[in-house]
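Q: could you work out the structure for the sequence below:
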Amino acid sequence: MNRAKAVFISFLLIICACNVPQYISVPVTYAPLRSFRPDTTTILLVNRFDCSTLKINNAKKLGVIKAGAFSSLRYAETSLGQLPHVRVINRVDSVSLNVSRDSIQSLASQYHADYVLVLEDFSADIALDNVENSTAYYNTN
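A: Okay, here's the model as predicted:
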């Protein structure tokens, strides 16, 4: 009996000494907080991003930021339009309308929108990472 205990303990020590990753698999379901109505849902996209508030004097950089903001709203329109029973109304040109909260509410009632997605801020940057090495790594934000 003593010998069986010694063999068991030595076997247990060998198993514990091995570097075996231990983890527990936990399935997680990320359900949406809200779901759209079963019939047609109308989403209004409004551009409230004003490039004149940026402190950029370079016309090329300003053009890139404007194009990026415009493209982000177009991408949101494309992504939302792929959902079933969703109609998207895109007011990308609304930056010239001096959009405020009251005007957004009037636009929503004018287009009979159930939801309003407003682009209020947009930024883009290219950051230099890992400067201490001789090789430069750039990341886009």
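Q: which stretches of this structure form strands?
A: For the chain, strands defined by DSSP state E occupy the ranges 41-47, 86-91, 115-119, 126-129, 137-140.
Q: now mean neighbour count and distance to Cys18 too, for these, in a markdown table please.
A: (Each C-beta comes from the backbone N, C-alpha and C, glycine too.) Shown next, in a markdown table, are the strands of the chain (neighbours: other C-beta atoms under 10 Å; distance: least, C-beta to C-beta, whole Å):
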| stretch | mean neighbour count | distance to Cys18 |
| --- | --- | --- |
| strand 41-47 | 21 | 54 |
| strand 86-91 | 18 | 53 |
| strand 115-119 | 16 | 53 |
| strand 126-129 | 9 | 37 |
| strand 137-140 | 9 | 36 |
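Q: among these, show the one with the smallest mean pLDDT.
A: Mean pLDDT values for those show the minimum at strand 137-140, a mean of 64.
Q: where does the prediction get shaky in this structure?
A: 1, 19-22, 92-99, 129-141 (pLDDT under 70).
Q: if you set the cut-off to 80 instead, what comes out?
A: Applying pLDDT under 80 to the chain picks out residues 1, 12-24, 31-38, 50-53, 91-102, 123-141.
Q: contact partners of the longest helix seen in it?
A: As assigned by DSSP state H, the longest helix anywhere in the chain is helix 59-81. Contact with helix 59-81 is made by 43, 45, 47, 49, 51, 54, 56, 86, 88, 90, 92, 117, 119, 122-124, as judged by C-beta atoms under 8 Å, 6 or more residues apart in numbering.
Q: for that helix, buried residues please.
A: Using 16 or more other C-beta atoms under 10 Å as the test for burial, helix 59-81 gives 65, 69-70, 72-73, 76-77, 80.
Q: using CSV, write out every CA atom in that helix.
A: Extracted C-alpha coordinates of helix 59-81, given in CSV (Å, rounded to 0.1, in the frame of the first residue of the first chain):
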residue,chain,number,x,y,z
ALA,A,59,-5.3,71.0,-47.9
LYS,A,60,-4.3,67.4,-48.8
LYS,A,61,-4.6,66.2,-45.2
LEU,A,62,-8.0,68.0,-44.8
GLY,A,63,-9.2,66.4,-48.0
VAL,A,64,-8.2,62.9,-46.8
ILE,A,65,-10.0,63.5,-43.5
LYS,A,66,-13.2,64.6,-45.4
ALA,A,67,-13.0,61.6,-47.7
GLY,A,68,-12.5,59.3,-44.7
ALA,A,69,-15.6,60.7,-42.9
PHE,A,70,-17.6,60.4,-46.1
SER,A,71,-16.4,56.8,-46.6
SER,A,72,-17.2,55.8,-43.1
LEU,A,73,-20.8,56.9,-43.5
ARG,A,74,-21.0,55.1,-46.9
TYR,A,75,-19.6,52.0,-45.2
ALA,A,76,-22.2,52.2,-42.5
GLU,A,77,-24.9,52.6,-45.2
THR,A,78,-23.7,49.5,-47.0
SER,A,79,-23.4,47.4,-43.8
LEU,A,80,-26.8,48.4,-42.5
GLY,A,81,-28.4,48.0,-45.9
